[in-house]
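>>> Sequence and predicted structure, then a few things I'm wondering about:
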Amino acid sequence: MQQLKDVMNRDVFVVGPDSSLMEAARLMRDENFGMLPVGENDRMIGTLTDRDIAVRAVAENKSCDTPVREVMSESVVWCFEDDTVEDGARKMSDCQIRRLPVVNRDKRLVGIVSLGDFAVEAEHIETSAEALAGISQP
């Protein structure tokens, strides 16, 4: 069985909780990310998604200078790099998320896997479809 480390994106950027939403949004735009881990003191303390920015910031009329910590999601869901693709897809489905930070056994961030990462591999089309169905449940 293929592991998450085989399909994850290793180009990971971490944003600080005191960074502005503008800085985070620009990083997302420039690097084509839909989610950024939020880190402080060498620990992941949350995640920031493009949806967080739209729903928790723009819709609430927050300034582009608003710190990331005011709109980030504080609950961090993650998987280990040696977990299987099926384990990662199941976690995405169960938690209804499309992107998942991946850590090594020392709990150091080593990558991010997205639903799209599963979909590009022909052998993971069914896994991807099942995860999408779970994510899309109301």
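Sure, I can see it.

>>> Need the nearest residue in space to the spatially most central residue of the chain, chain neighbours excluded.
The C-alpha lying nearest the average C-alpha coordinate of the chain belongs to residue 99 (CA atoms, centre = their mean; 3.7 Å). Distances taken as CB to CB, 6 or more residues apart in numbering put residue 35 closest to residue 99, at 4.2 Å, once the chain neighbours are dropped. C-beta coordinates here come from the backbone N, C-alpha and C atoms, glycine included.

>>> The nearest residue to residue 11 once chain neighbours are set aside: how many residues sit nearby?
Once flanking residues are discounted, residue 11 sits nearest to residue 31: 7.2 Å by CB to CB, 6+ apart. By other CB atoms under 10 Å, the residues close to residue 31 number 11.

>>> if we can go back for a sec, how close does the residue nearest to residue 99 get to residue 61?
Distance, residue 35 to residue 61, using CB to CB, to the nearest Å: 23 Å.

>>> Give the residue from the two that has the larger number of neighbours.
More crowded of residue 35 and residue 61, by other CB under 10 Å: residue 35, with 19 against 6.

>>> If I follow the layout properly, the more buried one ends up in contact with residue 44?
No: here residue 35 does not reach residue 44: they are 11.7 Å apart, not a contact under CB atoms under 8 Å.

>>> Now list whatever residues contact both of those two.
Here residue 35 and residue 44 share no contacting residue, scored by CB atoms under 8 Å, 6 or more residues apart in numbering.

>>> Can you pull the phi/psi pair for the residue nearest to the centre of the chain?
phi -140, psi 140 (degrees, to the nearest 10).

>>> Next: residue 88.
According to degrees, to the nearest 10, residue 88 has phi -60, psi -40.

>>> and stretch 34-44, how far out from the chain's middle?
10 Å (CA atoms, centre = their mean, to the nearest Å).

>>> pLDDT below threshold where in the chain?
120-138 (pLDDT under 70).
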